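Q: dropping a prediction and its sequence here:
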Amino acid sequence: MPDPAPVVIPGVTEWALEMLGPGDLRPAPPPGTPIALSRARRPSADVSRALYAVVGARVCWTDRFGWTHDDWRAWVDRPELGVWLALADGTLAGFFEIEAQPGGDTEIHLVGLTPEFVGAGNGGHLVTECVRRAWERGRTWAEHTGPAARVWLRTSTLDHPNALANYRRRGFRVAGETTFAKTVPDPRYAPWPLPHDPRAARVPADRSEQELIP
């Protein structure tokens with residue numbers, strides 16, 4: 001069994017990206033396999049937790065690992081939060097999560113594919129459809145919050161290696177950048193073991209894993 005100790009990853013860079021109008025979106029080509037999107041109209045803490053793990057564990061989504069079931073339920077059971085499921089070939093291909101925030105800010109918290117659909121040109125299409133729905137805020141979802149004035153998100157060097165480039169190709173611009181050290185729990189335990197530790201590729205070659213375990 002892998003060692004569940006957390007690892008401190010130095011030099012993690014995080015970017016805040018923004019889009020200021022729906023006309024800034026540059027759509028990606030449609031995928032080879034059609035993807036159908038369905039908004040989750042019945043919030044489910046269990047489903048959202050499972051999606052977070054299956055989509056994010058391989059790219060070190062770990063910030064919510066400490067959440068309790070009550071935390072998840074409080075997060076998803078809000079009218080200003082929207083979750084969409086992506087289905088292809090009769091199975092779950094990915095999902096995205098968008099929050100209507102005060103003042104028209106609309107944050108894409110999560111967007112990603114399940115492992116079987118990564119690397120086939122589906123990522124750009126999923127981001128495209130996610131952004132389109134973010135700009136539909138106040139009309140097709142979160143109707144009580146008013147229209148979107150800005151769509152934004154955060155990504156980092158812990159995310160998929162192509163994530164930043166994908167967002168920029170879709171029309172996002174960098175609005176802020178920070179670099180810091182981050183303690184990352186072992187994503188192989190959420191909720192089932194992964195074959196490899198995805199944190200390993202983020203650790204500089206001159207720093208041994210032993211040095212990085214607090």
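A: Ah, there it is. Numbering: from 1, shown residues only.

Q: make it CA atoms for all contacts and neighbour counts henceforth
A: Noted.

Q: how near is residue 74 to residue 68?
A: 10 Å (Cα to Cα, to the nearest Å).

Q: wait, a helix at residue 62?
A: No - secondary structure of residue 62 (DSSP: H, G, I helix; E, B strand; the rest coil): coil, not part of a helix.

Q: got phi/psi on residue 66?
A: In this entry, residue 66 is assigned phi and psi values of phi -80, psi 0 (degrees, to the nearest 10).

Q: so what's it scoring on pLDDT?
A: We have a pLDDT of 83 for residue 66.

Q: burial count for it?
A: Using other Cα atoms under 10 Å, the number of residues around residue 66 comes to 9.

Q: same thing with residue 158?
A: 21.

Q: enumerate every residue touching the spatially most central residue of the chain.
A: The centroid of the chain falls nearest to residue 110 when counting by Cα atoms, centre = their mean (2.7 Å). For residue 110, the contact set (Cα atoms under 8 Å, 6 or more residues apart in numbering) comprises 95-98.

Q: list the buried residues in the helix or strand containing it.
A: Per DSSP states H and E, residue 110 falls inside strand 105-113. Residues 105-108, 110-113 are the ones in strand 105-113 that count as buried (16 or more other Cα atoms under 10 Å).

Q: do the same with stretch 49-56
A: Those would be 49, 51-56, for stretch 49-56 by 16+ other Cα under 10 Å.
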